[in-house]
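**Student:** Fold the stuff below for me.
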Amino acid sequence: MAEWGEHPATAGAGVGQESAGGLRRWRGPLAAGLLALILFLSGAVVNLARLRTHAMLTSPYGGRSLPDETPADRGLAYLEVTVTSADGLRLVGWYLPAHNGAAVMMQHGYKSHRGEFLEEAEMLQRAGFGVLITSVRAHDLSEGETITFGHLEWQDLDAWFGWLTEQPDVQPDRIGALGNSMGGTLVLQYASLNREIRAVVAHSAFSSLDDTISTSVQALAGLPAFPFAPLMVFWGERELGIDSAEIDAKLWIGEISPRPVLLLQGGRDLIVSVDSGRLLYEAAGQPKELWFEPDLGHASFDRQAPQAFEQRVVGFFEAHLLEE
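**Tutor:** As a prediction, this is how the structure comes out:
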């Protein structure tokens, strides 16, 4: 019989002690395994970000999007033209001659091609404008395979501008620029560097890489913004040797004033941040216009509102390139 204060041993107590001991024995291996799994998954995420970043920054010749029609298919007379960039890359373009002494350079968007601007070319040709549809490095049939979002592409636009000023049907003081998406950002950058660009239209341009990276990563790479957006910025900066903060059209657009700028931004844009149009407008000097349509998507004004697009965009260039 147990004495006062003593408790007889039970079978359950022994089992509990053995279970606790077993858990203690497994706690170390479980923690180590969990840590290994976390490290493996983290490494996989980092490596995926690196691979997707490389894919976004490169455009191998064999895998590019190319035009499936030319201006001739629209009944438009044109020339196949080429220029060479300052660093030696051969670039391709189309030129539709001017009938009013003025011309507009047109730069397509990210991983697109010259065919993107055939509708706009028709509109401007009806008004007598010359149209130079340009391509930059790593796009269309142009040389190069690396996309730098403006770090080097401004040299390509400079080569095209030089070619255009030599055309006998164009007055050098009557040249404007129109760009879609990344092309819109590029023409803003180039106009800030070249004061001979007399008027600029930027259609769904991104305001900066840092402003739009979260939106663009989801749309272009098919990855969630977190954790991939900051990781892709990290890898992109290292692959290109740049600071992403340098690619900022908000810093460039103010330099265009007093030359006019027209910004087009859709409220359903899934490619660049919807705030891009507002941010660029706020950073621009006068004269400036922002055409915002809440129900339009990315670079879609010409397709979804063609009559209004022709009236406003062609009218903008008529007002600022043809005025005496």
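
**Student:** Could you tell me how many residues sit around Gly115?
**Tutor:** Gly115 has 20 neighbours, counted by other C-beta atoms under 10 Å. From N, CA and C alone the C-beta is placed, and that goes for glycine too.

**Student:** hmm, I was thinking of Leu57
**Tutor:** By the measure other C-beta under 10 Å, the count of residues near Leu57 is 18.

**Student:** same check, this time on Ala319
**Tutor:** Count around Ala319 with other C-beta under 10 Å applied: 12.

**Student:** how about the helices in the chain?
**Tutor:** 11-57, 118-126, 153-165, 182-193, 209-216, 225-240, 249-253, 276-283, 301-304, 306-309, 315-321 (DSSP state H).

**Student:** got the angle for the fourth one vs helix 153-165?
**Tutor:** Translated: helix 182-193. Angle, helix 182-193 to helix 153-165, by axes from the mean of the first three to the mean of the last three C-alpha atoms, to 10 degrees: 70 degrees.

**Student:** oh, and call the first residue 292 from now on, that's how I've got it
**Tutor:** Okay, residue one is now 292; in that scheme the one you just asked about reads as helix 473-484.

**Student:** Other residues contacting helix 473-484?
**Tutor:** Contacts with helix 473-484, where a contact means C-beta atoms under 8 Å, 6 or more residues apart in numbering, come from 396-401, 403, 427, 440-441, 444-445, 448-449, 452, 468-470, 488, 491-497, 538, 540, 543-547, 550, 552, 571.

**Student:** Is it possible to get CSV of the helices of the chain that adds mean pLDDT and distance to Leu367?
**Tutor:** Below are the helices of the chain laid out as CSV (pLDDT from 0 to 100; distance: least, C-beta to C-beta, whole Å):
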stretch, mean pLDDT, distance to Leu367
helix 302-348, 71, 33
helix 409-417, 98, 6
helix 444-456, 98, 17
helix 473-484, 98, 20
helix 500-507, 93, 33
helix 516-531, 94, 37
helix 540-544, 98, 31
helix 567-574, 98, 30
helix 592-595, 96, 16
helix 597-600, 98, 17
helix 606-612, 98, 17
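
**Student:** returning to that earlier point: of the contacts of helix 473-484, just the buried ones, ChimeraX syntax please.
**Tutor:** Only the buried entries of the contacts of helix 473-484 go into this ChimeraX selection, using 16 or more other C-beta atoms under 10 Å:
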select :396,397,398,399,400,401,403,427,440,441,444,445,448,449,452,468,469,470,488,491,492,493,494,495,496,497,538,540,543,544,545,547,550,552,571
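
**Student:** about what we covered before: which of the helices of the chain sits most buried?
**Tutor:** For the helices of the chain, the largest average neighbour count (mean count of other C-beta atoms under 10 Å) is found in helix 473-484, namely a mean of 27.

**Student:** what about it, distance to the chain center?
**Tutor:** 12 Å (C-alpha atoms, centre = their mean, to the nearest Å).

**Student:** Provide the angle between the direction of it and the direction of helix 500-507.
**Tutor:** 170 degrees.

**Student:** Just give me how far stretch 605-615 sits from the chain centre.
**Tutor:** Distance, centroid of stretch 605-615 to centroid of chain: 28 Å (C-alpha atoms, centre = their mean).

**Student:** Reformat the helices of the chain into CSV and put distance to Leu380 next to each item.
**Tutor:** Converted to CSV, those look like this (distance: least, C-beta to C-beta, whole Å):
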stretch, distance to Leu380
helix 302-348, 16
helix 409-417, 24
helix 444-456, 7
helix 473-484, 15
helix 500-507, 22
helix 516-531, 16
helix 540-544, 23
helix 567-574, 28
helix 592-595, 28
helix 597-600, 32
helix 606-612, 29
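
**Student:** The ones you listed: which one's closest to Arg381?
**Tutor:** Minimum separation from Arg381 across those (C-beta to C-beta) falls at helix 444-456, 10.0 Å.

**Student:** returning to what we had before: and the contacts of helix 473-484, which of them are in strands?
**Tutor:** Met396, Met397, Gln398, Ala468, Leu469, Gly470, Ile488, Val491, Val492, Ala493, His494, Val552 (DSSP state E).
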